[in-house]
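Q: Structure, please.
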Amino acid sequence: MLPCKKALGEHLKQKYGELFGSRFDLLLYDMTSTYFEGKARANAQARRRYSRDSRPDCSQVTIALVATEDGLPLFYEVFDGNRTDVTTVEDIVEAMEEQYGKANRIWVMDRGMVSEENLEFLRERGGFYLVGTPKSQLQRFEQELLEKDWKEVQPGVEVKLCDEEGELFILCRSEGRKENNRAIVKRFEKRIQARLEKLKQQVERGWLKNAFISNKPNNITPTLFDIISLTAFILALTSTLESASCP
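A: Here you go, the predicted structure:
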């Protein structure tokens, strides 16, 4: 079907308009990947990198998908498996313009696509964007976060608009997100409690006799690893608690 890729995209665009009245001025762009069980030697694009499927042992390809605001697929591209999301934006925008012409489109992307270079690239082309902003930037809006003039846009979801240096930021907080964060914290609490209880039992049974190695029969357990794991749990819990307090 590869030779028909362009014709297929144009056919879908036409049918979406005829059947569903779809508009194409707002586009959703995201990346995914698929992996191969074998060595994939015949596939020049198969590479190893971060695996969304938790299979770092397998080669993969990454797939870019552009969809309408209703989620209808409009365009796709296959990239090398070690291609990072942020490096694909210019290629996809240019490919869309080549196939469907230039327009003042609104691109919706997650924070994995965001870089100042990509945003400047879209501005220069007269494009608009709605993108996820790194949490580190919340510090810029500390005062706005503390103020109470939030607007409820739907039950449990509040937003606030902040115009800064010619860009419009949308701050959002939701009860659902807060509940999700609380649930994450509780899961960490249970895992930490279980780990502490396990360490307590090992100490009581005499399996932890020095600082680094337990002499549990037939199962040499590095105590240092247990301590590091426990520390990681505590750090993760602290980070989650801090996130839970933010919108």
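Q: From now on I want contacts and neighbour counts done on CA atoms only, so please keep to that.
A: Will do.
Q: Scan the protein for its longest helix.
A: helix 175-204 (DSSP state H).
Q: now the protein, which segments are flagged as low pLDDT?
A: Along the chain, segments meeting pLDDT under 70 span 208-247.
Q: Which parts of it are helices?
A: 5-20, 89-100, 116-124, 142-146, 175-204, 223-244.
Q: then the shortest one to CSV, C-alphas only?
A: As requested, C-alpha coordinates have been extracted for helix 142-146 and formatted as CSV (Å, rounded to 0.1, in the frame of the first residue of the first chain):
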residue,chain,number,x,y,z
GLU,A,142,3.1,30.7,41.2
GLN,A,143,1.1,33.8,41.9
GLU,A,144,-1.6,32.9,39.4
LEU,A,145,-1.9,29.4,40.9
LEU,A,146,-2.5,30.8,44.4
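Q: in that helix, what's buried?
A: By neighbour count on 16 or more other CA atoms under 10 Å, the buried set for helix 142-146 is E144, L145.
Q: The second one too?
A: In terms of neighbour count (16+ other CA under 10 Å), helix 89-100 has its buried residues at V89, I92, V93, M96.
Q: Which one of the helices of the chain lies nearest to G156?
A: helix 175-204 (5.2 Å; CA to CA).
Q: Between all of the buried residues of helix 89-100, which two are at the greatest distance?
A: Longest span within the buried residues of helix 89-100, CA to CA: V89 and M96, 10.7 Å.
Q: And for this protein, the residue most distant from the center?
A: The centre of the chain is farthest from one residue, G206, which by CA atoms, centre = their mean lies 44.5 Å away.
Q: what does stretch 14-21 rub up against?
A: Residues from elsewhere that reach stretch 14-21 (CA atoms under 8 Å, 6 or more residues apart in numbering): S22, R23, L72.
Q: In CSV, list the helices of the chain along with distance to M109.
A: Supplementary listing: these in CSV, determined by distance: least, CA to CA, whole Å:
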stretch, distance to M109
helix 5-20, 20
helix 89-100, 9
helix 116-124, 11
helix 142-146, 23
helix 175-204, 20
helix 223-244, 22
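Q: and of those, who's closest to E167?
A: helix 116-124 (11.0 Å).
Q: how far off helix 89-100 does that closest one point, in degrees?
A: 30 degrees (axes from the mean of the first three to the mean of the last three CA atoms, to 10 degrees).
Q: now what about helix 116-124, what contacts it?
A: V86, V89, E90, F128, Y129.
Q: Would you mark the buried spots in it?
A: Quick answer for helix 116-124 (16+ other CA under 10 Å): N118, L119, L122.
Q: can you check stretch 57-69 too?
A: C58, S59, Q60, V61, T62, I63, A64, L65, V66, A67, T68, E69.
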